[in-house]
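A.B. asks: Pasting the sequence and the predicted coordinates here, then a few questions.
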2 protein chains.
Amino acid sequence: MSRAQTRGSRQGRAGIRDVAAAAGVSITTVSDALNGKGRLPDATRRHVREVADRLGYRPSAAARTLRTGKSGLIGLTVTTYGDEPFTFTEFAYFAEMARAATSAALARGYALVILPATSRHDVWSNVALDGTVVIDPSDHDPVVTELVRQGLPVVSDGRPAGTLPVTAWVDNDHEAAVLDLLDHLADAGARRIGLLTGTTTDTYTRLSTTAYLNWCERVGQDPVYEAYPAHDPCAGAVAADRLLARPDRPDAVYGLFDPNGTDLLAAARRYGLRVPDDLLLVCCSESTVYATTEPPITTLSLKPRRIGTAVVQLLIDAIEGIDTDGPVEQVIPTELIVRTSSQRRSPRTTVSPPRSPAKD
Amino acid sequence: MSRAQTRGSRQGRAGIRDVAAAAGVSITTVSDALNGKGRLPDATRRHVREVADRLGYRPSAAARTLRTGKSGLIGLTVTTYGDEPFTFTEFAYFAEMARAATSAALARGYALVILPATSRHDVWSNVALDGTVVIDPSDHDPVVTELVRQGLPVVSDGRPAGTLPVTAWVDNDHEAAVLDLLDHLADAGARRIGLLTGTTTDTYTRLSTTAYLNWCERVGQDPVYEAYPAHDPCAGAVAADRLLARPDRPDAVYGLFDPNGTDLLAAARRYGLRVPDDLLLVCCSESTVYATTEPPITTLSLKPRRIGTAVVQLLIDAIEGIDTDGPVEQVIPTELIVRTSSQRRSPRTTVSPPRSPAKD
DNA sequence: GGCGTTGACAGGTACGTTTCTGCATGATCG
DNA sequence: CGATCATGCAGAAACGTACCTGTCAACGCC
C-alpha cells in the first residue's frame, strides 16, 4: 500500500496535503495562501482557497496549537463548593460576568473554557490554555501559582491577597463602595445599620466587612451583624431572620449577597416591619428583580459586565505580548441604584417603571 | 550547538524527552509509566513518576490531542442575540444548566468551551472539540449540520426541529407541562387564563403556545395572549401591562419566561389587582426569588440541572463510542412548584418558609 | 540444550500544521 | 552583459506525544 493511497483513502476530514495535491501546489503554498502570509499572487491564493472550500478543508486545531504554541483558549476559573462549580449566590454576578467575558473573548478570536479551581491538575493539564481568568482567588491559590510557574498569564477578578503573582487584576473599590452606601443610609435617617455578611474569607467579604466595621467605629455605632456561609442558599434566610430578631435590632440593613434582599424583605414582613418606614434595605446584587419587588430595593451593582470585559482584555493583551512590567491594576467603579427601600420619606407613591435594559 | 544542548536549554516546560533522559529510560517507558500502559515493573513506574514530578513535567495537551484525536473538550453552544451570548431571560435557566453540565463533564474528565451559535466557523475550527452540546437549535442550524458532517457527536437541549441530524436530544414534555399547569389554574377557579409568550420561533415557545391554544380550544375558552421579543428585558414588563389592560382581562396568567412573574406582579399592583384573589399567577422560572415575593409565586421548573447532566452524559457516551443506532431521546419531567399565587383560597396565612436548597 | 514465551525496554514513525531555508526564474541595474 | 534582487514556490524540519515494532535477556519445557 503506497503512501498516496493511505492519504487518499483517509476517511474523515481532508488535510492540508489533500488540498495541496488537489490544487497542484505545495503544502507551503496552501498554508501561506490560507493564512494570508508569504508572497503569493492573488490568482494562486484564490485558487487554493477555492479548492480548500470545495474539499471542505478545516485546519486541525490540535496541529496548529502544537506548532504555534497558541490554542486560542482562555480558562475561566470558578470557585467550587462541593462538587458544583460556582455558588448559587453568585449566579447573577457570575452569569453577567461570564457573558461579558465570553463576548469580549470571542470578539478577539478566543474562546472560554470553564474550569474549576480545584488543585486536581489532571483536568488543567488536559487542555492547552493561552492564559487564565481567575475569579476571586484565595490567598495562596495553588492553581494560580502553578499556572504562573508554567509562564501562563493569569488575570484575576478580585484583588489578589498576599503575594499572589498575577499578571493583572481587576476589582471594584469595595471599601469605598460600602462606606458610600452606609453614608447613603445614614443620610436617609438610619441610626443603627446592620450587616448581613459571610463566613468565608474571600477578599470581597473581608474588605466589605472591615469597611463596615471601620465605618461603625468612625461614627461611633456598635456593629450589628450576622455572618453565614454564603454558599448555602438556606442559611441566608435564617441569618436575615436572626438579624431582625436581635434585641438591638437595626433600623437599616445592608446585605452583602444577592439573595439577601428578598431574604430580608421576607424577614421584615414576618416581624411586621415596613420598608422603608421601619427598616431601610440595601443589598449587593445584579438581579433586576429588585426593581419590581414591593417595595423596590436599592442595590449596589459591581458592574460585572465591565469587569468581565476588562479582565479578558487585560489577559489577551498579556497573551499577545503587549507587555508591561509589574501587575496591571484596574478599578471598576460600582453603582448604587437607589430605589424606594433606602429612602425614608418616599417622595410620592410612583408607579414603578419597567425594568431598565441594563445597558453596560 | 548540539541537539542535547538545545533540549537542555529549552526554557519553559520540560518535555517527555527530558524526563526520559533524567530517568535514564526511553520515551516509550515514560509514556507507558505515566499512562499506566505497557508492561513495566512497579519500581520503574514509580521511578519515572518521581522524576517527572521533580521536573514538574506536564504533558502537552496539544500534542496529546494531535496524537490521540481526543481533546477532552466539549462545546457548549448558546444562542446569541446581537453580540452577546445567551439571553437575559434565560439567565437562571442557562446558569443552572451550564453549572450542572460543567460539573457532569468535569466528573468524566471533560471541560466545557462556551461557543456562540454563529455560523462564523473561524471560531469553531480554532478549537478541537470531541463533541458539542447545542441549546435549542434552530430548524436547519448550519453549525449543527457542519459539526455532524465532520463526524462530531451533537446533543441538543431541546427537541430538534425538522430533520436536524443530532446524535441525541434531551427535553421536557412542554405540551404536557403546559396542559397540566392550565388544569391546575382551572382547578383553582380560573375562568379565563391568559398567556404571556414570545415572538421567537424556538421550539420551547412554539410548543408551549400551541399547547395553550389547544387547551383553550378543548375547554372552549377564547385565547388571551400577548407576545413580545423575549430577549428584550424591557418588553416583558410592557407586554405584561398590556395583557392586564385588555378589555377581556384574564383572571389568571401564565408567563413563559423567567422575569414574567415580577413583571405581572408589578402590573397587577398598578391595576389594583390582588394576587391570588383577583388574579392567579404562574410563570416558568428557575429563580428562587419567587419563593419570597409578596405573595410567593407558583413556578414551573424545567429542571435545568437534570437536563444539563443528561445532555453531557449522552454526549460523552457518544464520544466514547457507546454507540446506539438512531437518535437517543430523553424526556425530563417538569415540576410545578405550587405557591400562594395560584391558590384562590389560601388555606391559611402561613409564614413563608426559607427557600428550599433546590437539591436536584 | 534448542525453542517458544514472556517481560522490559528502545527505536522509530505518524499525527497535521507552520515556517525556515533554499532554489529556480525573470526583472533591474550599473 | 553579468551581478543583484525580488518573486513564487517547494522541501524539510520541527512541535511533543502515543503506539507499533522490534530486540535482548531470562525462563520454563520436552
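C.D. replies: Nice, thanks for sending it over.
A.B. asks: Show the pLDDT at the residue of the stretch 101-250 of chain A at minimum distance from DNA strand D.
C.D. replies: Nearest residue of the stretch 101-250 of chain A to DNA strand D (C-beta to the nearest atom of the strand) works out as residue A:125 at 9.2 Å. From N, CA and C alone the C-beta is placed, and that goes for glycine too. Per-residue confidence (pLDDT) for residue A:125: 81.
A.B. asks: residues near it, how many?
C.D. replies: By the criterion of other C-beta atoms under 10 Å in any protein chain shown, residue A:125 has 17 neighbours.
A.B. asks: And for residue A:112?
C.D. replies: Residue A:112 has 25 neighbours, counted by other C-beta under 10 Å.
A.B. asks: what does the one 3 residues further on give?
C.D. replies: Applying the criterion other C-beta under 10 Å, we find 24 residues in the vicinity of residue A:115.
A.B. asks: now what about the helix or strand hosting residue A:112, what contacts it?
C.D. replies: Residue A:112 belongs to strand A:111-116 when assigned by DSSP states H and E. Outside strand A:111-116, the residues that touch it by C-beta atoms under 8 Å, 6 or more residues apart in numbering or on different chains are A:72-78, A:80, A:85, A:98, A:101-102, A:105, A:123-124, A:127, A:129, A:132-133, B:73, B:98, B:102, B:106, B:111-115, B:123, B:126-127.
A.B. asks: Weed out the non-buried ones from these.
C.D. replies: A:72-78, A:80, A:85, A:98, A:101-102, A:105, A:123-124, A:127, A:129, A:132-133, B:73, B:98, B:102, B:106, B:111-115, B:123, B:126-127 (16 or more other C-beta atoms under 10 Å in any protein chain shown).
A.B. asks: Stretch A:59-78: end-to-end distance?
C.D. replies: End-to-end distance for stretch A:59-78: 31 Å, by C-alpha to C-alpha, to the nearest Å.
A.B. asks: now swap in stretch A:287-295 and tell me
C.D. replies: For stretch A:287-295, the first-to-last residue distance is 15 Å (C-alpha to C-alpha).
A.B. asks: In chain A, where is pLDDT below threshold?
C.D. replies: A:1-12, A:81-90, A:119-121, A:323-326, A:345-360 (pLDDT under 70).
A.B. asks: Which element, helix or strand, includes the residue in the stretch 101-250 of chain A positioned nearest to DNA strand C?
C.D. replies: Closest residue of the stretch 101-250 of chain A to DNA strand C, C-beta to the nearest atom of the strand: residue A:128 (12.8 Å). Per DSSP H and E, residue A:128 falls between elements, in no helix or strand.
A.B. asks: how many neighbours does it have?
C.D. replies: 25.
A.B. asks: ditto for the one 10 residues further on
C.D. replies: The number of residues packed near residue A:138 is 20, by other C-beta under 10 Å.
A.B. asks: Which parts of chain A belong to which domain?
C.D. replies: Each domain of chain A is listed here as a residue range: A:3-59, A:73-172+A:306-333, A:174-302+A:337-342, per automatic domain parsing.
A.B. asks: Is there proximity between the longest one and chain B?
C.D. replies: The reference is to domain A:174-302+A:337-342. Yes. Judged by C-beta under 8 Å from any C-beta of the partner chain, domain A:174-302+A:337-342 and chain B are in contact via A:232-234, A:236-238, A:241, A:259, A:262-263, A:265-266, A:269-270, A:287-289, A:292-294.
A.B. asks: For stretch A:147-166, list the C-alpha coordinates in PDB.
C.D. replies: Output in PDB follows, covering the C-alpha atoms of stretch A:147-166 (Å, rounded to 0.1, in the frame of the first residue of the first chain):
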ATOM      1  CA  LEU A 147      -0.100  28.400  36.100                       C
ATOM      2  CA  VAL A 148       2.300  31.300  36.600                       C
ATOM      3  CA  ARG A 149       5.100  28.800  37.000                       C
ATOM      4  CA  GLN A 150       4.300  27.500  33.600                       C
ATOM      5  CA  GLY A 151       4.600  31.000  32.300                       C
ATOM      6  CA  LEU A 152       0.900  31.500  31.600                       C
ATOM      7  CA  PRO A 153      -0.600  34.900  32.100                       C
ATOM      8  CA  VAL A 154      -3.200  35.000  34.800                       C
ATOM      9  CA  VAL A 155      -5.600  37.800  35.400                       C
ATOM     10  CA  SER A 156      -7.800  37.800  38.500                       C
ATOM     11  CA  ASP A 157     -11.300  39.200  39.100                       C
ATOM     12  CA  GLY A 158     -10.700  40.500  42.600                       C
ATOM     13  CA  ARG A 159      -7.600  42.000  44.200                       C
ATOM     14  CA  PRO A 160      -5.200  39.100  44.900                       C
ATOM     15  CA  ALA A 161      -4.500  38.600  48.500                       C
ATOM     16  CA  GLY A 162      -1.000  38.100  49.800                       C
ATOM     17  CA  THR A 163       1.800  37.800  47.300                       C
ATOM     18  CA  LEU A 164      -0.200  36.000  44.600                       C
ATOM     19  CA  PRO A 165       1.800  36.700  41.400                       C
ATOM     20  CA  VAL A 166      -1.000  37.500  39.000                       C
END
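A.B. asks: buried stuff in that stretch?
C.D. replies: For stretch A:147-166, burial by neighbour count (16+ other C-beta under 10 Å) applies to A:147-148, A:152-161, A:164, A:166.
A.B. asks: Turn the domains of chain A into CSV, columns for distance to residue B:250.
C.D. replies: Shown next, in CSV, are those (distance: least, C-beta to C-beta, whole Å):
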stretch, distance to residue B:250
domain A:3-59, 52
domain A:73-172+A:306-333, 30
domain A:174-302+A:337-342, 20
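A.B. asks: Quick check on the residues of domain A:174-302+A:337-342 next to chain B: which are buried?
C.D. replies: For these, buried by 16+ other C-beta under 10 Å: A:232-234, A:236-237, A:241, A:259, A:262-263, A:265-266, A:269, A:287-289, A:292-294.
A.B. asks: show me the contacts for residue A:244.
C.D. replies: A:250, A:253, A:264, A:267, A:268, A:270, A:271, A:273, A:279.
A.B. asks: quick one: secondary structure of it?
C.D. replies: Secondary structure assignment for residue A:244 (DSSP: H, G, I helix; E, B strand; the rest coil): helix.
A.B. asks: Same question for residue A:155.
C.D. replies: Following three-state DSSP, we place residue A:155 in the strand state.
A.B. asks: Name whatever forms a beta bridge with it.
C.D. replies: residue A:133, residue A:168 (DSSP bridges).
A.B. asks: Would you enumerate the residues in contact with it?
C.D. replies: A:131-134, A:166-170, A:311-312, A:314-315, A:318 are the contacts of residue A:155 under C-beta under 8 Å, 6+ apart.
A.B. asks: Going along the chain, name the helices of the stretch 101-250 of chain A.
C.D. replies: Under the criterion DSSP state H, counting those that start in this stretch, the stretch 101-250 of chain A contains helices at A:121-124, A:142-149, A:174-187, A:203-219, A:235-245.
A.B. asks: near DNA strand C, which residues of the stretch 51-200 of chain A show up?
C.D. replies: Within the stretch 51-200 of chain A, the residues that sit near DNA strand C (C-beta under 7 Å from any atom of the strand) are A:57, A:58, A:59, A:60, A:63, A:64, A:66, A:67, A:68.
A.B. asks: Narrow those residues to those in helices?
C.D. replies: In helices, judged by DSSP state H, the following of those are found: A:63, A:64, A:66, A:67, A:68.
A.B. asks: Any of those residues buried? List them.
C.D. replies: By neighbour count, with 16+ other C-beta under 10 Å, those hold A:63, A:64, A:66 as buried.
A.B. asks: just those that are near chain B?
C.D. replies: Within those, those near chain B by C-beta under 8 Å from any C-beta are A:63, A:64, A:66.
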